[in-house]
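In: okay, structure incoming, though there's no sequence with it:
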């Protein structure tokens with residue numbers, strides 16, 4: 001084999017067939033066609049070779065026929081070639097076929113993106129892009145990007161240690177509705193390292209396999225596409241485990257994220273820092289399982305962590321059934337959860353097991369709104385752990401659902417609609433309305449001590465009995481035709 005170095009540009013046209021017989025390094029661009037097609041092919045025997053293009057790969061229009069990049073597999077020889085591109089990819093006419101099969105001896109080509117630049121992969125001609133494995137290795141941070149706006153298939157195995165998509169450096173942006181592939185299907189987690197990121201603007205990615213998830217040390221951004229970690233068939237323990245480096249960031253602005261089990265720290269150390277930023281979209285956590293009882297279902301904790309929830313919807317389906325570890329643990333350094341936003345606990349998938357009966361909350365922040373949903377008819381029970389709860393948004397307990405304060409004080413600043421059960425367990429319930437508020441519902445109001453502490457009025461649309469002490473420190477409570485009784 002003879003290596004070839006092209007100092008500037010390489011043109012493949014006039015029906016030329018460039019069969020790689022050594023490593024090829026191109027210092028500029030590779031262009032196919034001057035109105036006639038060309039072909040670049042990787043061999044079926046010999047050694048594995050690399051074609052490295054520093055600049056752009058362009059497949060121009062042709063009068064007839066098509067441009068093509070392909071790998072030969074007539075004699076499978078266990079060859080894994082590599083096509084490395086540092087610039088843009090534009091396919092006006094042509095196909096890229098880098099996949100043969102996944103047999104032990106089959107020949108394939110890894111497509112690698114390199115270069116500390118911002119680039120695009122476009123396919124206006126609509127030709128087939130059939131890939132084996134894809135490696136993102138641009139620059140040294142997410143400042144270097146590759147945006148793929150073309151549909152493609154990714155065929156490499158995802159149930160092995162090496163996945164079909166590997167992120168090493170840079171931000172890979174997927175921006176085509178037809179994109180659909182698996183990040184991992186078992187035998188190892190999908191990793192996003194600290195200098196890399198994955199953004200799903202369009203398309204659908206999935207995670208499956210028993211006890212398999214995403215190891216997050218970089219950026220996962222969902223800005224219109226779907227990431228589904230929803231494999232109930234294999235036990236449902238599909239998680240996001242974040243690192244302690246401070247680089248892990250999960251952003252959702254549009255689209256959807258479904259996590260089969262937990263968004264949590266690692267299992268062997270309490271260290272862990274996540275920047276969670278949701279400004280839109282739908283997030284569902286613990287849809288199928290909550291297997292690790294020494295970690296919360298949804299936990300944002302430790303110095304330099306962040307919880308920003310200013311848009312979209314966030315639903316926690318079930319808890320971990322621990323009397324000591326809260327299922328929902330939110331104690332970040334940076335926090336934004338406005339009163340207009342609502343966290344929902346429970347949905348149609350909430351199980352009938354003890355995981356639905358012991359959903360603990362622990363937070364040192366002013367919560368937004370809280371809804372305990374019983375669409376499942378499995379009667380979820382939410383409990384306070386360790387410290388009081390301060391609610392700024394609307395507090396809703398649906399029919400059959402229960403909120404147990406476990407003796408910790410609850411401050412309610414907005415409307416309170418209780419059609420389920422509110423258990424004080426000896427606490428003080430403090431109504432500190434930030435405006436004119438309403439208490440309503442036909443559920444059980446088990447109130448031990450009650451204070452009203454601000455000048456704004458509360459209207460009772462339900463009758464209340466206070467079992468120990470009632471103090472109206474400011475403002476009025478308008479009972480209308482209902483009653484308010486203090487037993488002591």
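Out: Perfect, thanks for sending it. Keep in mind that this is a model prediction, so the values were computed, not measured.
In: how about the nearest residue to residue 434 once chain neighbours are set aside, what does it touch?
Out: Spatially, and ignoring its direct neighbours in sequence, residue 434 is nearest to residue 413 (4.9 Å; C-beta to C-beta, 6 or more residues apart in numbering). For the C-beta atoms, the positions are set from N, CA and C on the backbone; glycine is no exception. Applying C-beta atoms under 8 Å, 6 or more residues apart in numbering to residue 413 gives the contacts 339, 390-393, 432-434, 437.
In: just the buried ones from the residues you listed?
Out: Listed as buried from the contacts of residue 413 are 339, 390-393, 432-433, 437; burial here means 16 or more other C-beta atoms under 10 Å.
In: which of those residues fall within strands?
Out: Using DSSP state E, 390-391, 437 are the members of the buried ones among the contacts of residue 413 that sit in strands.
In: want to throw those residues into TSV with distance to residue 157?
Out: Listed next are these as TSV, based on distance: C-beta to C-beta, whole Å:
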residue	distance to residue 157
390	50
391	48
437	57
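In: as a markdown table, these with distance to residue 144 and pLDDT would be great.
Out: Compiled in a markdown table, those are given as follows (distance: C-beta to C-beta, whole Å; pLDDT from 0 to 100):
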| residue | distance to residue 144 | pLDDT |
| --- | --- | --- |
| 390 | 43 | 98 |
| 391 | 43 | 98 |
| 437 | 51 | 96 |
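In: nearest to residue 193, of the residues you listed?
Out: Lowest distance from residue 193 to these (C-beta to C-beta) belongs to residue 390, with 37.6 Å.
In: quick check, that closest one in contact with residue 366.
Out: Yes. Taking contacts as C-beta atoms under 8 Å, residue 390 lies within contact range of residue 366: 5.0 Å.
In: and the pLDDT for the residue with the largest distance to the centre of the chain?
Out: No residue in the chain sits farther from the centre than residue 488, which is 50.9 Å out by C-alpha atoms, centre = their mean. pLDDT recorded at residue 488 is 70.
In: is it in contact with residue 469, as I believe?
Out: Yes. Proximity of residue 488 to residue 469 meets the contact threshold set by C-beta under 8 Å, at 6.0 Å.
In: now the two most distant members of the contacts of residue 413.
Out: Going by C-beta to C-beta, the pair spanning those furthest: 390 and 437, at 15.0 Å.
In: ok, and the closest non-adjacent residue to the residue farthest from the centre of the chain?
Out: Residue 488's closest residue in space is residue 468 (C-beta to C-beta, 6+ apart), at 5.4 Å.
In: which helix or strand contains that neighbour?
Out: strand 464-472 (DSSP states H and E).
In: can you give the contact residues for that strand?
Out: 424, 439, 445-452, 482-488.
In: okay, buried residues for that strand please.
Out: In strand 464-472, counting by 16+ other C-beta under 10 Å, buried: 464, 466-467, 470.
In: ditto for stretch 258-277
Out: So for stretch 258-277, counting by 16+ other C-beta under 10 Å, buried means 258-265, 272-277.
In: stretch 384-391 now?
Out: Applying 16+ other C-beta under 10 Å to stretch 384-391 flags 384-385, 388-391 as buried.
In: contacts for it?
Out: Taking C-beta under 8 Å, 6+ apart as the rule, stretch 384-391 contacts 324, 326, 360-370, 404-406, 408-414.
In: 7 Å instead?
Out: Residues outside stretch 384-391 that contact it (C-beta atoms under 7 Å, 6 or more residues apart in numbering): 326, 360-362, 364, 366-367, 370, 405-406, 408-414.
In: residues touching residue 237, list them.
Out: 210-211, 260-261, 289, 291.
In: with residue 177 instead?
Out: 202-203.
In: run me through the strand neighbours of the host helix or strand of it, direction for each.
Out: Applying DSSP H and E as the criterion places residue 177 in strand 165-184. When pairing is defined by DSSP bridges, strand 165-184 lines up against strand 133-137 (parallel), strand 145-148 (parallel), strand 196-207 (parallel).
In: now these in CSV, with mean neighbour count, mean pLDDT and distance to residue 92?
Out: Formatted as CSV, the strands paired with strand 165-184 follow (neighbours: other C-beta atoms under 10 Å; pLDDT from 0 to 100; distance: least, C-beta to C-beta, whole Å):
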stretch, mean neighbour count, mean pLDDT, distance to residue 92
strand 133-137, 21, 98, 21
strand 145-148, 22, 98, 16
strand 196-207, 22, 98, 21
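In: of those, which is nearest residue 249?
Out: Closest among the strands paired with strand 165-184, using C-beta to C-beta: strand 196-207, at 8.0 Å.
In: what sits up against the closest one?
Out: 136, 142, 167-177, 179-184, 190, 192, 213-214, 218-229, 238, 255.
In: now the residues you listed: which count as buried?
Out: Among the contacts of strand 196-207, the ones that count as buried (16+ other C-beta under 10 Å) are 136, 142, 167-176, 179-184, 190, 192, 213-214, 218-229, 238, 255.
In: residues near residue 31, how many?
Out: 20 (other C-beta atoms under 10 Å).
In: list the buried residues for stretch 115-131?
Out: Under 16+ other C-beta under 10 Å, the buried positions of stretch 115-131 are 115, 117-123, 125, 127, 129-131.
In: same check, this time on stretch 139-159
Out: 139, 142, 144-152, 154-156, 158.
In: and the helix or strand that the strand holding residue 177 is followed by, what other elements does it pack with?
Out: Using DSSP H and E, the helix or strand that follows strand 165-184 in sequence is strand 190-192. Applying 3 or more C-beta pairs under 7 Å, 6 or more residues apart in numbering; DSSP states H and E, one finds that strand 190-192 contacts strand 165-184, strand 214-216.
In: contacts for stretch 52-68, please.
Out: Residues outside stretch 52-68 that contact it (C-beta under 7 Å, 6+ apart) are 25-33, 35-39, 84-95, 127.
In: what distance separates the start and the end of it?
Out: End-to-end span of stretch 52-68 (C-alpha to C-alpha, to the nearest Å): 17 Å.
In: got it, and stretch 142-158?
Out: Stretch 142-158: ends 24 Å apart by C-alpha to C-alpha.
In: just how off-centre is stretch 450-459 within its chain?
Out: 40 Å (C-alpha atoms, centre = their mean, to the nearest Å).
In: pLDDT on it, on average?
Out: The average pLDDT within stretch 450-459 is 96.
In: buried ones in that stretch?
Out: Applying 16+ other C-beta under 10 Å to stretch 450-459 flags 450-454, 456, 458-459 as buried.
In: I figured residue 253 hits residue 277, correct?
Out: No. When contacts are counted by C-beta atoms under 7 Å, residue 253 is not listed as touching residue 277 (8.2 Å).
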